[in-house]
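Colleague: just the structure for this:
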Amino acid sequence: MFKQLEKLLPAPLKVLALRFDRSPFLTVADLQEFTQTRASYVAQTSLYGYLKTRMGTRYRSLFEDDAFSHSARTSAAKIFGTCLSDLSIHSAALCRNDGGLNEFESSSLASLLVSSGLEKGLAEFPDSKLKAEALGRLNQRLAVLNWDKAGDNAITFASSESDLVTFAPVVDEFKELDREIVMNSIRFRWRDVREQLQKRLSPQSVAQDFRRDGAIKEMRSRNRMSFN
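Modeller: Modelled structure (predicted):
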């Protein structure tokens, strides 16, 4: 019932609906929606919150400049890609630990969550370069990822903390001054997201749905295509 009503809401109210939705995640589709929307929320609120604090009264006027506005949106897109990777790996780790997925299945699930999330989250960017870069960074992480440590929040979410500072359209001098405060701000936002995920995720149900729908075969096919 909640899901049906949510589809009828305008975009601003839909964000609030997602925030207060408490329905369980039983399928891969449920998890895809959560990882994409929450990664987008964390990326945008963290970046724009930082820019507003740093720029003060100039915040609104700077966004009237087309060049800066484009730079900020591109930065938000890059940070979103990293946030999506962090949250997808964390979600896959939960499905591995409590749902019985093996390491290959966990990597495949994380890849599926990121690839589908990028398609929706970066729809306003017709150039596929940002998507390709995000997938490239994910593949590099998965190639060396120790799944036994993927449940460690300090490790799994370190990338988005770092990239928030790296990609923010702020001069390097200010980035160094603000680094710890900015990284703490995104850590705070992730805490609530992880709590929601922990309460609502049914790892066994999602793992069974992932296997039943043949998602692994799909990911194997994508992997073969990437090497051709």
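
Colleague: separation between residue 28 and residue 170?
Modeller: Distance, residue 28 to residue 170, by Cβ to Cβ, to the nearest Å: 37 Å. Glycine gets a C-beta too; all of them are placed from N, C-alpha and C.

Colleague: neighbour count: those two, which is higher?
Modeller: Using other Cβ atoms under 10 Å as the criterion, residue 28 and residue 170 rank with residue 28 on top: 23 against 18.

Colleague: so what's that one up against?
Modeller: Contacts for residue 28 (Cβ atoms under 8 Å, 6 or more residues apart in numbering) come out as 109, 112, 206, 209, 210, 213, 215.

Colleague: how many residues are close by residue 198?
Modeller: Residue 198 is flanked by 10 other residues according to other Cβ under 10 Å.

Colleague: what's the average pLDDT for the helix or strand hosting it?
Modeller: Using DSSP states H and E, the element containing residue 198 is helix 172-200. Averaged across helix 172-200, the pLDDT comes to 95.

Colleague: what are the buried residues along that helix?
Modeller: Going by neighbour count (16 or more other Cβ atoms under 10 Å), the buried part of helix 172-200 is 175, 178, 182-183, 185-187, 189-190, 193-194, 196-197, 200.

Colleague: same check, this time on stretch 116-136
Modeller: Those would be 116, 117, 118, 121, 122, 130, 131, 134, 135, for stretch 116-136 by 16+ other Cβ under 10 Å.

Colleague: how far does it stretch from start to finish?
Modeller: Stretch 116-136 has its terminal residues 15 Å apart, counting by Cα to Cα, to the nearest Å.

Colleague: what pLDDT is listed against residue 50?
Modeller: pLDDT, residue 50: 93.

Colleague: so who does it touch?
Modeller: 164, 168, 170, 178, 182, 185.

Colleague: and if you look at residue 43?
Modeller: 76, 79, 80, 82, 83, 160, 164.

Colleague: residue contacts, the last one?
Modeller: Pointing back at residue 164 there. 43, 46, 47, 50, 79, 182, 183, 186.

Colleague: doesn't residue 163 make contact with the fifth one?
Modeller: Translated: residue 79. Yes - contact criterion Cβ atoms under 8 Å: residue 79 and residue 163 qualify, at 5.6 Å.

Colleague: who's more crowded, those two?
Modeller: residue 79 (25 against 22).

Colleague: so how far is the helix or strand the more buried one falls within off the chain centroid?
Modeller: Assigned by DSSP H and E, residue 79 falls within helix 66-99. Counting by Cα atoms, centre = their mean, to the nearest Å, helix 66-99 is centred 3 Å from the centre of its parent chain.

Colleague: which other helices and strands contact it?
Modeller: Here helix 66-99 touches helix 28-55, helix 103-121, helix 129-144, helix 153-156, helix 158-167, helix 172-200, helix 203-212, going by 3 or more Cβ pairs under 8 Å, 6 or more residues apart in numbering; DSSP states H and E.
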